[in-house]
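Peer 1: Have a look at this prediction, sequence included:
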Amino acid sequence: MNKAVAMENQTTASPVYTLRDTQTTVFNDFAAYLLEVATRPSRNDELSMSRIILPPRTGKTVIAAHCIGTTALCSLFIVPTRTLVDQVAEEFRARLPGIPVGTYYGEEKKLVDHGVNVTTYNILQQQWKAQECLPRQVRNAALIFADEAHHSMTKPRLTMLREGFDPKAIRVALTATPDYDDERKLAGFFPELIHEITLPEAVQLELVAPLRVWVYEVDEDASMVTMVAGDYHEETISRLMSSAPFFEATKTIRYSPENLFKQALICCRTRQQAYDLHKYLLQHRPADTPKPQLILSTTDKNERQDILRKYEIGWVDTIVSVAVLTEGWSSPKCKLLIDLSPSLSLVRATQKFFRPMTKYEEREASVYILVPTNLPQPPILPMELFHWSEETYESGTLVASAKRQKHEASLPSLKRHRITPIEKVRLKSRVLVCARFEKPALDPKDADQIRQVMGSNSNLFEDGRLCGLQRFRWLLFSHLLFSGRGEQLLRYLKVTSSREGYIAYMARLFPEEAASRFFYYSDRTVEDVAACQKELLAFETKLLEGSDKFGEVNPDYEYSYKALAGPLAREPEPTPEEALHQKELRLTFPSLFFALRPIEQDILIRRFGLGGEEEQTLKKVGDCYNLSRERIRGIESQALFKLRRGLLMRDPDLIE
């Protein structure tokens with residue numbers, strides 16, 4: 001790396017701590033990725049854009065610190081907020097005592113030349129917009145970490161990340177929520193996967209604390225709450241949930257005998273709601289209990305740090321806050337979350353519900369959710385993040401690894417919480433997560449019935465276009481044949497939970513609408529266009545096998561391919577020009593394939609059974625190369641990305 005500057009005093013650069021086993025695995029995959037980047041043929045147009053996906057509270061910052069300390073490369077760590085700059089910088093100084101740590105935000109511009117600098121997306125974006133040049137200490141970074149990377153998926157920030165640094169610098173996205181929405185998927189911008197642990201895997205591997213969830217329903221009508229940008233209108237929902245029953249229920253839950261000695265975080269939607277609740281708890285909390293503290297985005301930095309310090313030593317046991325504490329903040333002592341901020345945002349829900357799930361001894365985390373009645377759509381609940389297949393759950397059921405659940409089943413029945421003695425408030429002993437109690441009567445083979453069920457939600461189509469997969473998953477369908485969320489409907493219909501599977505299936509039901517959606521978004525990113533590449537690659541696989549029948553399409557693909565391919569959706573047979581166009585496209589594939597690196601070619605051949613080879617699993621291919629399955633998956637993802645990009649460059653008509 002011609003602009004990589006080795007850190008001074010490398011003898012003190014090694015971290016002074018050890019990683020957990022799972023963190024070591026991530027670091028080993030990162031080391032393998034560095035070796036691969038260093039040995040791949042030099043290509044000026046190919047940037048190293050990679051991603052590491054780990055659940056909250058599993059140590060992404062710790063792993064980044066270990067990478068920085070071990071590689072001794074000048075580094076940059078980008079975070080969403082100023083508050084996080086100070087937190088991350090403090091953690092780096094503690095873990096890497098021999099390495100200079102600089103900060104860059106607002107009035108705090110203390111960059112270092114040989115070490116790691118911590119900054120925000122916003123200030124870098126402003127600097128790039130103003131001058132199209134970043135400060136020298138920033139642009140010379142050889143290792144760039146984009147933390148909470150869902151914040152990076154905007155055009156200006158991606159342009160800054162791609163063009164503002166040395167082409168040979170390594171850019172690594174860190175996040176727990178890789179899919180911000182249907183269009184902004186992290187894999188489309190950071191195609192090389194280094195390592196991934198999903199939320200359900202984190203629970204089964206016991207990387208997070210076991211969890212119990214209770215849902216309380218307050219008899220306050222929320223039917224007037226409107227939807228804005230896919231979520232509840234912020235001011236309306238927070239004003240509704242500032243009524244006395246919500247506040248009294250919060251006080252009762254917080255100071256109940258089973259929760260009295262737990263460290264608590266109470267999440268509100270707006271600053272006014274948080275301020276009012278804090279005032280209410282100050283006046284009505286039990287005697288001889290610590291005063292609850294309020295932390296907002298406007299809270300003074302020193303005051304905030306003092307509150308958090310006292311929280312860690314137990315002098316403060318309750319913090320009332322808004323989103324400022326749900327991203328980046330972590331305390332293993334926090335084991336109680338009371339949620340007064342219902343949401344349909346997957347990112348917000350993940351960050352919020354994982355706050356009390358930092359592993360600490362053998363303590364369980366408890367989450368209490370308060371919701372009004374008649375919301376336009378039910379909010380996301382913690383169980384849905386872990387992909388529970390049950391249609392209902394019982395309040396207080398353990399969300400944990402199979403081993404812990406089995407152990408709990410052998411114990412005497414736990415004493416459940418009593419219904420709160422508060423007017424208008426009741427504990428929902430059984431809560432519907434996805435559907436009704438009864439088995440759906442929907443015939444999964446009857447297309448007309450399926451259309452009727454989907455038609456029960458008016459949000460399925462947006463301006464005549466089919467909604468995206470991420471939005472569909474959270475739509476609520478209410479019909480006599482089926483009632484539940486879109487995600488469960490897809491499972492019931494046995495539809496592959498991927499963009500390609502979703503569009504292919506929906507194209508059978510609504511050909512024109514599916515095609516309309518596809519072409520509406522076709523000029524956004526390469527990944528948006530990739531929705532029909534699966535069918536295209538079906539042609540190319542035959543070509544690689546040397547078959548004379550490469551023009552034939554798998555019947556499973558044929559209908560969806562015609563529905564998505566524009567003119568083919570309306571013509572029974574392609575015109576001579578279209579036939580020639582398809583032939584030329586097929587002929588470009590071998591040259592693109594053999595332009596891949598040998599390891600990429602071999603992995604694709606093994607994984608997809610090309611050339612008559614038997615299809616192999618990620619683990620089996622990984623054993624051949626002495627690499628983890630996550631690393632093989634990353635190389636495979638990058639190879640497919642190159643093929644798709646190459647096809648688009650060879651044939652721009654694909655995105656017209």
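Peer 2: In hand now; what should we look at? In this text, all values refer to a predicted model and were calculated from it rather than measured experimentally.

Peer 1: Any stretches of the stretch 151-300 of the chain with poor pLDDT?
Peer 2: Scanning the stretch 151-300 of the chain for pLDDT under 70 picks out the ranges 180-183.

Peer 1: And for the stretch 401-550 of the chain?
Peer 2: Scanning the stretch 401-550 of the chain for pLDDT under 70 picks out 407, 409-420, 432-439, 462-465, 497, 499-500, 512-550.

Peer 1: Can you report how many residues neighbour residue 106?
Peer 2: 11 (other C-beta atoms under 10 Å). All C-beta spots, glycine's among them, are computed from the backbone N, C-alpha and C.

Peer 1: Apart from its chain neighbours, what residue comes closest to it?
Peer 2: Excluding the flanking residues, the one nearest residue 106 by C-beta to C-beta, 6 or more residues apart in numbering is residue 82, at 6.1 Å.

Peer 1: which ones are touching the one you found?
Peer 2: Contact analysis of residue 82 by C-beta atoms under 8 Å, 6 or more residues apart in numbering lists 105, 106, 108, 120.

Peer 1: Kindly check the end-to-end length of stretch 98-112 for me.
Peer 2: 13 Å (C-alpha to C-alpha, to the nearest Å).

Peer 1: Quick check, residue 53 in contact with residue 201.
Peer 2: No - counting by C-beta atoms under 8 Å, residue 53 does not reach residue 201; the two are 10.5 Å apart.

Peer 1: neighbouring contacts of stretch 441-453?
Peer 2: Applying C-beta under 8 Å, 6+ apart, the external contacts of stretch 441-453 come out as 477, 479, 480, 481, 482, 489, 492, 493, 494, 508, 509, 510.

Peer 1: same check, this time on stretch 253-260
Peer 2: Contacts for stretch 253-260 (C-beta under 8 Å, 6+ apart): 216, 264, 266, 281, 285-286, 289, 318, 336, 338, 366, 368, 417, 420.

Peer 1: distance of residue 320 from residue 84?
Peer 2: Residue 320 is 20 Å from residue 84, where distance means C-beta to C-beta, to the nearest Å.

Peer 1: So between those two, which is more surrounded?
Peer 2: The neighbour count for residue 320 versus residue 84, taken as other C-beta under 10 Å, is higher for residue 320 (28 against 22).

Peer 1: What is the subsequent helix or strand relative to the one helix or strand residue 307 maps to?
Peer 2: Assigned by DSSP states H and E, residue 307 belongs to helix 301-313. Using DSSP H and E, the helix or strand that follows helix 301-313 in sequence is strand 318-321.

Peer 1: Residue 284 and residue 251 touch, don't they?
Peer 2: Yes - between residue 284 and residue 251 there is a contact under C-beta under 8 Å: 5.6 Å.

Peer 1: out of those two, which sits in the busier spot?
Peer 2: Set side by side, residue 284 and residue 251 show more neighbours around residue 251, with 20 against 12, by other C-beta under 10 Å.

Peer 1: send the alpha carbons of whichever strand or helix holds the more buried one over as CSV?
Peer 2: For residue 251, the enclosing helix or strand under DSSP H and E is helix 244-254. What follows is helix 244-254, C-alpha atoms only, in CSV (Å, rounded to 0.1, in the frame of the first residue of the first chain):
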residue,chain,number,x,y,z
ALA,A,244,-50.9,8.5,32.8
PRO,A,245,-51.6,4.7,32.3
PHE,A,246,-48.3,4.3,30.4
PHE,A,247,-46.3,6.2,33.0
GLU,A,248,-47.9,4.4,35.9
ALA,A,249,-47.3,1.0,34.3
THR,A,250,-43.7,2.0,33.7
LYS,A,251,-43.2,2.9,37.4
THR,A,252,-44.9,-0.3,38.5
ILE,A,253,-42.8,-2.5,36.3
ARG,A,254,-39.6,-0.7,37.1
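
Peer 1: which neighbours does the following helix or strand past that helix have in its sheet, and in what orientation?
Peer 2: The helix or strand immediately downstream of helix 244-254 is strand 263-267, counting by DSSP H and E. Each strand paired with strand 263-267, and its direction, by DSSP bridges: strand 318-321 (parallel), strand 334-339 (parallel).

Peer 1: neighbouring contacts of strand 263-267?
Peer 2: Here strand 263-267 makes contact (C-beta under 8 Å, 6+ apart) with 250, 254, 277, 292, 311, 314, 317-322, 325-326, 331, 333-341, 352, 355-356.

Peer 1: Can you give me the buried ones in stretch 444-455?
Peer 2: Buried residues in stretch 444-455, counted by 16 or more other C-beta atoms under 10 Å: 449, 450, 452, 453, 454.

Peer 1: Just flag the most distant two among these.
Peer 2: Using C-beta to C-beta, the buried residues of stretch 444-455 span at most 9.8 Å, a distance reached by 449 and 454.

Peer 1: how big is the angle separating the helix holding residue 251 from strand 263-267?
Peer 2: Interaxial angle of helix 244-254 relative to strand 263-267 (axes from the mean of the first three to the mean of the last three C-alpha atoms, to 10 degrees): 160 degrees.

Peer 1: Endpoints of stretch 139-154, how far apart?
Peer 2: Taking C-alpha to C-alpha, stretch 139-154 runs 20 Å from one end to the other.

Peer 1: Centre of the chain to it, how far?
Peer 2: Counting by C-alpha atoms, centre = their mean, to the nearest Å, stretch 139-154 is centred 16 Å from the centre of its parent chain.

Peer 1: Okay, the most centrally placed residue in the chain and residue 341: tell me how far apart.
Peer 2: For the chain, the residue nearest the mean C-alpha position is residue 177 (1.2 Å; C-alpha atoms, centre = their mean). As judged by C-beta to C-beta, residue 177 and residue 341 stand 17 Å apart.

Peer 1: just residue 255 next, same as before
Peer 2: The spacing between residue 255 and residue 341, counted by C-beta to C-beta, is 20 Å.
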